[in-house]
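**Q** Would you be able to build a 3D model of this:
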Amino acid sequence: MMKIETYKHCYVVRGFFSPELQGKIKTMANKIEETKVYRTDNPKRHSLINYPSLMKVHRFIQNDIENIVNEKLKPSYTYYSNYLPGADLVEHKDRELCYMTVSYCLSQQKQWPFYIEGKPYILDENDAIIFKGQELAHYRESNPYTCCMLLFHFVKPEYQGPLTPASSENYQ
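**A** Purely as a prediction, here's the structure:
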């Protein structure tokens, strides 16, 4: 059962998915790694945009996210990000397609702080952090362990542009 913690810049949701759905998502992530369908342009991270099973999960969580943030949203894109030892995430603000971001911790060898506006947040497996990625600077320091994160991005309902980033863009 979800437990929602409200902070100045974000919401942290403990126990985001049921154990059954979490297991299915872990199986999907294992399939991504086994079949090597991920991007390899970053040697410290395996990444993939809009994997079909993740897009279904994206639509499935939309209502819950809208209720948590008390705002109507439209799904834009998903991002599978399996960070390898030595990975980091440079401080940045997200693109227009990331008005609202759900960053979900699927698995990790050890807790890895996620910083929003300089404040660290700690996620356990099956926790998520929800924040306005386009407005708030966020980053992670270098990590000697692995950590698999799933990102679900949303835009405002009136957004009319493309919902998937151009393939030539540098993804965070």
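**Q** how about the strands in this protein?
**A** For the chain, applying DSSP state E gives strands covering 3-6, 10-14, 39-42, 45-49, 74-83, 87-92, 100-108, 114-116, 119-121, 128-131, 138-143, 147-155.
**Q** Can you tell me how far the residue nearest the centre of the chain is from Ala128?
**A** By C-alpha atoms, centre = their mean, the chain has its centre lying nearest to Leu151, at 2.0 Å. Counting by C-beta to C-beta, to the nearest Å, the gap between Leu151 and Ala128 amounts to 10 Å. In this view, the C-beta of every residue, glycine as well, is placed from N, C-alpha and C.
**Q** Are there residues contacting both of these two? Which ones?
**A** Each of Val102, Ser103, Tyr104 lies in contact with both Leu151 and Ala128 under the rule C-beta atoms under 8 Å, 6 or more residues apart in numbering.
**Q** which residue packs closest to the first one, ignoring adjacent ones?
**A** If you skip the residues right next to it in sequence, Val102 has Phe152 as its closest partner in space, 4.2 Å away by C-beta to C-beta, 6 or more residues apart in numbering.
**Q** got the contact list for the spatially closest residue to Lys156 that is not a sequence neighbour?
**A** What sits nearest to Lys156 in space, not counting adjacent residues and going by C-beta to C-beta, 6+ apart, is Tyr99, at 5.6 Å. By C-beta under 8 Å, 6+ apart, the residues touching Tyr99 are Leu73, Ser76, Lys132, Gly133, Gln134, His153, Phe154, Val155, Lys156, Tyr159.
**Q** Could I get the pLDDT score of Tyr99?
**A** pLDDT recorded at Tyr99 is 95.
**Q** ok, now Gln172?
**A** Gln172 is given a pLDDT of 46.
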